[in-house]
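In: My questions are about this predicted structure, shown below with the sequence.
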Amino acid sequence: MFRRTVAVALTAVAAFSLAACGSEDTPAAGPSSSSSSSSTPALSGTINVFAAASLTGTFTQLGKDFEAAHPGVKVVFNFAGSSALAQQINQGAPADVFASAAPKNLDQVTDKGTATTFVKNKLEIAVPKGNPGKITGLKDFADKDKKIAICAVQVPCGAAAKKVFDATKIVAQPDSLEQDVKAALTKVRLGEVDAALVYKTDVLAAKDKVEGIEFPEADKAVNDYPIATLTKAKNPDGAKAFVDYVLSAQGKTVLTEAGFDAP
Amino acid sequence: MSSRGRRRIGGRLPLILLLPALLGLAFLLVPLIGLLAQAPWSTLPSRLFSADVGQALKLSLLCASAATLLCLFLGVPLAWLLARAELPGRGLIRALVTVPLVLPPVVGGVALLLVLGRRGLVGEHLDLWFGFSLPFTTAGVIVAEAFVAMPFLVISVEGALRAADPRYEEAAATLGAGRWLTFRRVTLPSIAPGIVAGAVLCWARALGEFGATITFAGNLPGRTTTMPLAVYLALETDPDVAVVLSVVLLAVSVVVLACLRERWISGLR
């Protein structure tokens, strides 16, 4: 009985280590390493990318493309609010790359490497399909009779909204201060509010469910998204290659198609 | 319980259970102690008496109490129905009643929006006929809290009803009391401790409600921002404030549970 258990355990260990070796060997031995990036050394292992929740769609796509270009490399994402991610990184979470929705959150990370602004995001008015509240512009946010949701000032989209209202001297009359931009968008999708201030990318992502109204004052509060390879990265080569990929022309195409503006 | 009986049971407790029991106790208590240890005690009073905190606490207490009243009004009859009426599929109904206990509160909030929201199945008509909609109102907070907290009351009251001796009710009936009189004068007093225990649990659950509230009622200071919502948003910018708010909420919960538990829940045995 005991002997059999040991045998099974040994087989399992052997199989596991073979598999592990296999996956590590592939990029070096595989023919693809010469085709894709001849200048960079062959990449291997896992790249842990911590990215703002608003990047979920685009970065998932970029990760897939990147993995296809570098067989054997695995890109693992952790999507959450930027401030939560910054806290996790400072508590020692294994991150190689951090893409934040605001420079402030990247500054909070103690071991940040060099950061580059890779996209910008603007606010847009989201209204339910058909615009039942007859919203025409930002001034409707001061109308007490209209149901309005904006983000709480503590979260980035709320801070951006405050900047816009301060700049335009509009006193908003919100019915709810939502805890994140997706919650604000949900209230629009369900038709519970006549309008909400969300990012342009969110309106585009929910394209069939909501309509977007652009307003000129949005230029007053543009959100910069910085990306950085972290100095404590376990996979610095992979981290650098992924950041380069995000900054490349291909990366830019994916991001701008989703509604982000070039920096 | 006599002291002799207690000693005998204590003596028969397998010691092997003691270690996991103490670990379990530590697991539940250490985070709470950690919260107290981290609290910025020196600045606590000034933060506590800031207008925002007072407003959120007042609203929390008000809404939890109103939700408990609503649960009493609807939940006691429901418990009576589950305990006494001959219903087809009673097991299923009882299971459904307890669903909000295990349902993620956010899901509860979404469900409420889809039914009672401005575009919801029922809410649409409320809006059309009366120009009234629940989301983003204090009434919405109360509804969300009651939805999540009512199973606690129903379970407690149903248990008490099952434990109560039906012969007193039968005796009252033979003496000529109607059903309603019997319920008021015989049944209700006999299950009073169960009702109070259920109401306390219900109130405490309502006080801590977060997911369904923020999803269904939104977040607006003075109208729908209860303490748990204030804690969540404070965590984004000033964790110290979040700790202060958490300590207040913890203190209120412990005081209420401790007082009422001693007085009522232990009396159930």
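Out: Received it, and whenever you're ready, just let me know what you need. All values derive from a computational prediction rather than experimental measurement.
In: And the closest residue in space to B:P105 that isn't next to it in sequence, how close does it get to chain A?
Out: Excluding its sequence neighbours, the residue lying closest to B:P105 (CB to CB, 6 or more residues apart in numbering or on different chains) is B:G211, at 3.0 Å. Every residue, glycine included, has its C-beta placed from N, CA and C. B:G211 sits at a distance of 11 Å from chain A (criterion: CB to the nearest CB, to the nearest Å).
In: thought B:G211 was touching B:V106?
Out: Yes: with contacts counted by CB atoms under 8 Å, B:G211 reaches B:V106, the gap being 4.1 Å.
In: neighbour count winner among those two?
Out: B:G211 (18 against 15; other CB atoms under 10 Å in any protein chain shown).
In: residue contacts, that one?
Out: B:P104, B:P105, B:V106, B:G108, B:G109 (CB atoms under 8 Å, 6 or more residues apart in numbering or on different chains).
In: Report the contact partners of the second one.
Out: Looking back up the chat, that one is B:P105. B:V148, B:E209, B:F210, B:G211, B:A212, B:T213, B:T215.
In: Give the bridge partners for the residue in chain A positioned nearest to chain B, please.
Out: Residue of chain A nearest chain B, by CB to the nearest CB: A:S176 (2.8 Å). Beta-bridge partners for A:S176, by DSSP bridges, are A:A149.
In: And it, how close does it get to A:K187?
Out: 7 Å (CB to CB, to the nearest Å).
In: Next: B:S133.
Out: In terms of CB to CB, B:S133 sits 12 Å off from A:K187.
In: If we go by neighbour counts, what in the helix or strand hosting B:F73 is buried?
Out: Using DSSP states H and E, the element containing B:F73 is helix B:51-84. By 16 or more other CB atoms under 10 Å in any protein chain shown, the buried positions in helix B:51-84 come out as B:53, B:56-57, B:59-61, B:63-68, B:70-72, B:75-76, B:78-84.
In: How about the contacts made by A:T110?
Out: Contacts of A:T110 by CB under 8 Å, 6+ apart are A:N90.
In: pLDDT wise, what is it at?
Out: Looking at A:T110, its pLDDT stands at 75.
In: Checking it next. Helix, strand or coil?
Out: coil (DSSP: H, G, I helix; E, B strand; the rest coil).
In: With B:T224 instead?
Out: Criterion first, three-state DSSP; result for B:T224: coil.
In: would you say A:F50 is within a strand?
Out: Yes: counting by three-state DSSP, A:F50 falls inside a strand.
In: what is it paired to in the beta sheet?
Out: Beta-bridge partners of A:F50, as defined by DSSP bridges: A:N78, A:F98.
In: re the thing from before, just the closest of the contacts of B:P105 to B:A160, please.
Out: Ranked by distance to B:A160 (CB to CB), the contacts of B:P105 are led by B:V148 at 21.3 Å.
In: element containing that closest one?
Out: Under the criterion of DSSP H and E, B:V148 resides in helix B:138-163.
In: pLDDT of that helix, averaged?
Out: Here the average pLDDT along helix B:138-163 is 94.
In: Just after it, pick out the following helix or strand.
Out: Following helix B:138-163 in sequence, per DSSP H and E, is helix B:166-174.
In: Quick check: buried residues in the following helix or strand past that next one?
Out: Note on helix B:166-174: by DSSP H and E, the next helix or strand toward the C-terminus is helix B:179-182. Using 16+ other CB under 10 Å as the test for burial, helix B:179-182 gives B:T182.
In: Now find how far off-centre helix B:179-182 is within its chain.
Out: Its chain's C-alpha centre and that of helix B:179-182 lie 28 Å apart, by CA atoms, centre = their mean, to the nearest Å.
In: Now do it: which elements does it pack against?
Out: Counting contacts by 3 or more CB pairs under 8 Å, 6 or more residues apart in numbering or on different chains; DSSP states H and E, helix B:179-182 packs against helix B:166-174.
In: name the helices or strands packed onto the helix it packs on?
Out: Checking 3+ CB pairs under 8 Å, 6+ apart, helix B:166-174 ends up next to helix B:179-182.
In: sorry, back to before: chain A: which of the contacts of B:P105 is nearest?
Out: B:T215 (7.6 Å).
In: Now the closest one: closest residue in space, sequence neighbours ignored.
Out: That would be B:G109: by CB to CB, 6+ apart, it lies 2.6 Å from B:T215.
In: what does A:N48 give?
Out: Nearest to A:N48 is A:D96, by CB to CB, 6+ apart, at 4.8 Å.
In: Ramachandran coordinates for that neighbour?
Out: phi -100, psi -40 (degrees, to the nearest 10).
In: how many other residues sit next to B:V99?
Out: So B:V99, with other CB under 10 Å, has 11 neighbours.
In: Tell me which other helices or strands whichever helix or strand A:F242 is part of touches.
Out: Using DSSP H and E, A:F242 sits in helix A:236-247. Identification of packing neighbours for helix A:236-247 by 3+ CB pairs under 8 Å, 6+ apart yields strand A:46-52, helix A:56-69, strand A:97-99, strand A:112-121, strand A:223-230.
In: wait, which of those is closest to B:L114?
Out: Taking these one by one with CB to CB, helix A:56-69 is closest: 24.0 Å.
In: in the closest one, what counts as buried?
Out: Quick answer for helix A:56-69 (16+ other CB under 10 Å): A:G57, A:T58, A:F59, A:L62, A:G63, A:F66, A:A69.
In: which residues sit against the next helix or strand after the helix holding A:F242?
Out: Once helix A:236-247 ends, the next helix or strand along the chain (criterion: DSSP H and E) is helix A:249-257. With contacts defined as CB under 8 Å, 6+ apart, helix A:249-257 is touched by A:T58, A:Q61, A:L62, A:D65, A:F118, A:V119, A:Y245, A:V246, A:A262.
In: Pick out the most distant pair among those residues.
Out: A:D65 and A:A262 (18.5 Å).
In: So which bits of chain A are right by chain B?
Out: Residues of chain A lying close to chain B by CB under 8 Å from any CB of the partner chain are A:81, A:83, A:147, A:149, A:152, A:154-155, A:174-179, A:183, A:187, A:190-192.
In: Mind checking which of those residues are in helices?
Out: Judged by DSSP state H, those include A:S83, A:A183, A:K187 as members of helices.
In: quick one: low-confidence parts of chain B?
Out: B:1-12, B:260-269 (pLDDT under 70).
In: So which bits of it are right by chain A?
Out: B:113-114, B:117-119, B:135-136, B:214-215, B:217-221, B:224-225, B:229, B:232-234, B:236-237.
In: Drop anything exposed from those.
Out: B:113, B:117-119, B:135-136, B:214-215, B:217-221, B:224-225, B:229, B:232-234, B:236.
In: Among the residues you listed, name the ones in helices.
Out: B:L113, B:I214, B:T215, B:L229, B:Y232, B:L233, B:A234, B:E236.
In: and the fourth one, what is it in contact with?
Out: For B:L229, the residues meeting the contact criterion (CB under 8 Å, 6+ apart) are A:Q179, B:A56, B:F210, B:T213, B:I214, B:N219.
In: Contact partners for the nearest residue to the fourth one once chain neighbours are set aside?
Out: Okay, so that is B:T213. Distances taken as CB to CB, 6+ apart put B:A144 closest to B:T213, at 4.7 Å, once the chain neighbours are dropped. If you count contacts by CB under 8 Å, 6+ apart, B:A144 has them with B:G108, B:G109, B:L112, B:E209, B:A212, B:T213, B:T215, B:F216, B:A217.
In: switch the cut-off to 7 Å
Out: Applying CB atoms under 7 Å, 6 or more residues apart in numbering or on different chains to B:A144 gives the contacts B:G109, B:L112, B:E209, B:A212, B:T213, B:F216, B:A217.
In: Tell me which residues touch the residue nearest to the spatial centre of chain A, please.
Out: For chain A, the residue sitting closest to the mean C-alpha position, by CA atoms, centre = their mean, is A:L55 at 2.2 Å. By CB under 7 Å, 6+ apart, the contact set of A:L55 is A:A99.
In: Can you list the buried residues in stretch A:142-159?
Out: For stretch A:142-159, by 16+ other CB under 10 Å, it's A:146-159.
In: With stretch B:191-210 instead?
Out: B:191, B:193-210.
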